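Enquirer: could you look at this predicted model? Sequence included:
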Amino acid sequence: MLVSLIIFFIIFCVLVTTHELGHFLIAKANGIRVLEFFIGMGPVLWKKKKGETTYSIRLLPIGGACVFEGEDVMDAENQEFDERSFPNANVWARIAVLFGGPFFNFITAMILAIIVVANSNWAYPVVAGLTEDSAAADAGLMEGDTIVSINGEKIHLASEVTLISQFSQGGPMHIVYERDGQVNSTDLIPRYDSEDNRYYMGLYMGKYDKVSPSKVIPYAWYDVWYYLKTTYRSLALLVQGKLSLNDVSGPVGMVKIVDDTYEAVSPYGVWSVILTMLELAILLSVNLGVMNLLPFPALDGGRLIFQFVEVVRGKPVPREKEGMVHLVGMVILLAFMVVVVINDVSKFMR
């Protein structure tokens, strides 16, 4: 567990650092004054001021921030800020700064995906086997078929077939597949399994092989895109009430996932552990980017909403009102995080 804990904190700190670095670099490029750049939360362990910015590391490795002058002041309209403060920057510069954090998460995910794809086997969407009396068998699919698309959605990765199956909710699936060089199509209706409480197509997927060097970057994008689809479709199900709190994981739950993953791959050697943890980091980086873009107060997405309102209105929303909205959003987020952590601990101790 200690090794898994260390791995989790390394991954988490790297992803938080790249996120805040996105805000930092774009702010600097637009001449916005950065007062502090810190990683972690709570008491300061180390800090150093260079130029106009204080850089620090804090005790609890559970977050970080890039603090701009005037960004979160409740009564900003009653205070004087120079042209390099966040409120006085051009609205499009503020939009770029707020988007910079999530954007850097996606860039980080892409870089990691290139490393993983270049050094591991790709799971091509080839049917490896079928279960007995399955919906896939009834639809005419056979071992060795390559799935080309499902309901018009292009398939490049075996896991995409599983993802679509999980989110199909039993709806009909139009499948285009290739067999012996010929493109065919069929229709399939997944079958419900009451024990697992989900629908199954009834097939095993995956043919593993290296990706040619010329295709590493496109396939790295397919990997990142897969996690993007996984994240936003999961959020959609959560909003629809089709997922519960038990399906949501916070830091404690993620440590458990890292530990389970480490235990599963460690017998295959250090390189397998590294590649698997990099793949997990891709998922977390994409997840962090998407979650921060949600239009919820206190998140980057919530702050972006206010900037776009300013673009439409031609003038900013009063700063004290925006600050109050973000304060309420932060309280709600912290309360939700406490609930998630408590739920994670209870699951961990079962």
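Expert: In hand now; what should we look at? Numbering: from 1, shown residues only.
Enquirer: how near is the residue most central in space within the chain to Arg179?
Expert: Residue closest to the mean C-alpha point of the chain, counted by C-alpha atoms, centre = their mean, is Asn287 at 1.2 Å. For Asn287, the distance to Arg179 equals 36 Å [C-beta to C-beta, to the nearest Å]. To be clear about C-beta, it is placed using only N, CA and C from the backbone, and glycine gets the same treatment.
Enquirer: and for Thr162?
Expert: 20 Å.
Enquirer: just Val338 next, same as before
Expert: Val338 is 53 Å from Arg179, by C-beta to C-beta.
Enquirer: and those two? which has more neighbours close in?
Expert: Counted by other C-beta atoms under 10 Å, Val338 and Arg179 do not tie: Arg179 has more neighbours, with 14 against 11.
Enquirer: so the more buried one makes contact with Gly144?
Expert: Yes: the pair Arg179 / Gly144 is scored as a contact, 7.1 Å apart, by C-beta atoms under 8 Å.
Enquirer: about what we covered before: and the residue nearest to the centre of the chain, how far from Gly152?
Expert: Between Asn287 and Gly152 the distance is 26 Å, computed by C-beta to C-beta.
Enquirer: flag every buried residue along stretch 230-250.
Expert: 230-231, 234, 249-250 (16 or more other C-beta atoms under 10 Å).
Enquirer: ends of that stretch, how far apart?
Expert: 17 Å (C-alpha to C-alpha, to the nearest Å).
Enquirer: let's test this: mean pLDDT of that stretch, rounded?
Expert: Mean pLDDT, stretch 230-250: 77.
Enquirer: residues contacting it, please?
Expert: 163, 167, 169, 256-257, 283, 286-287, 290-291, 294, 337, 339-341, 343-344, 347 (C-beta atoms under 8 Å, 6 or more residues apart in numbering).
Enquirer: which of the residues you listed fall in strands?
Expert: Among the contacts of stretch 230-250, DSSP state E puts none in strands.
Enquirer: buried subset of those residues, written for ChimeraX?
Expert: Buried residues within the contacts of stretch 230-250, by 16+ other C-beta under 10 Å, are selected in ChimeraX with:
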select :163,167,256,283,286,287,290,291,340,343,344
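Enquirer: of the contacts of stretch 230-250, which belong to helices?
Expert: 163, 167, 256-257, 283, 286-287, 290-291, 337, 339-341, 343-344, 347 (DSSP state H).
Enquirer: so Ser149 is in contact with Glu178, correct?
Expert: No: counting by C-beta under 8 Å, Glu178 is not a contact partner of Ser149; they are 10.3 Å apart.
Enquirer: what ranges do the helices span in this protein?
Expert: Under DSSP H, the chain gives helices at 2-29, 91-119, 135-138, 158-167, 216-239, 251-265, 270-292, 300-313, 319-348.
Enquirer: nearest to Gly129, out of those helices?
Expert: helix 135-138 (9.8 Å; C-beta to C-beta).
Enquirer: elements contacting that closest one?
Expert: Packing contacts for helix 135-138, counted by 3 or more C-beta pairs under 8 Å, 6 or more residues apart in numbering; DSSP states H and E, involve strand 122-130, strand 182-188.
Enquirer: please identify which of those strands is closest to Lys47.
Expert: Closest among the helices and strands packed on helix 135-138, using C-beta to C-beta: strand 122-130, at 44.2 Å.
Enquirer: now do the buried residues in that closest one.
Expert: 122-127, 130.
Enquirer: repeat for stretch 113-123
Expert: Those would be 113-117, 120, 122-123, for stretch 113-123 by 16+ other C-beta under 10 Å.
Enquirer: any stretches of the stretch 1-150 of the chain with poor pLDDT?
Expert: 72-80 (pLDDT under 70).
Enquirer: mind doing that once more with 80?
Expert: The model of the stretch 1-150 of the chain has pLDDT under 80 over residues 1, 60-62, 71-82.
Enquirer: separation between Asp180 and Asp145?
Expert: Taken as C-beta to C-beta, the span from Asp180 to Asp145 is 9 Å.
Enquirer: more neighbours: these two, which one.
Expert: Applying other C-beta under 10 Å to Asp180 and Asp145 shows that Asp145 carries more neighbours, namely 21 against 7.
Enquirer: now do the contacts for the more buried one.
Expert: Applying C-beta under 8 Å, 6+ apart, the residues near Asp145 are 126-127, 177-179.
Enquirer: could you do Val176 as well?
Expert: 147-150, 183-185.
Enquirer: could you do Pro61 as well?
Expert: 9, 12-13, 39-40.
Enquirer: can you check Leu21 too?
Expert: Leu21 touches Phe104, counting by C-beta under 8 Å, 6+ apart.
Enquirer: that one and Ile217, how far apart?
Expert: On the measure of C-beta to C-beta, Leu21 and Ile217 end up 22 Å apart.
Enquirer: run a quick neighbour tally on the residue lying closest to Ile32 once chain neighbours are set aside.
Expert: In space, and not counting its chain neighbours, Ile32 is closest to Ala89: 5.2 Å by C-beta to C-beta, 6 or more residues apart in numbering. If you count neighbours by other C-beta under 10 Å, Ala89 ends up with 24.
Enquirer: thought Ala89 was touching Asn30?
Expert: Yes: applying C-beta under 8 Å, one finds Ala89 in contact with Asn30, separated by 6.2 Å.
Enquirer: who touches both of those two?
Expert: Val97.
Enquirer: picking that back up, okay, the residue nearest to the centre of the chain: pLDDT?
Expert: pLDDT, read off for Asn287, is 94.
Enquirer: which one is it nearest to, not counting chain neighbours?
Expert: Thr231 (5.3 Å).
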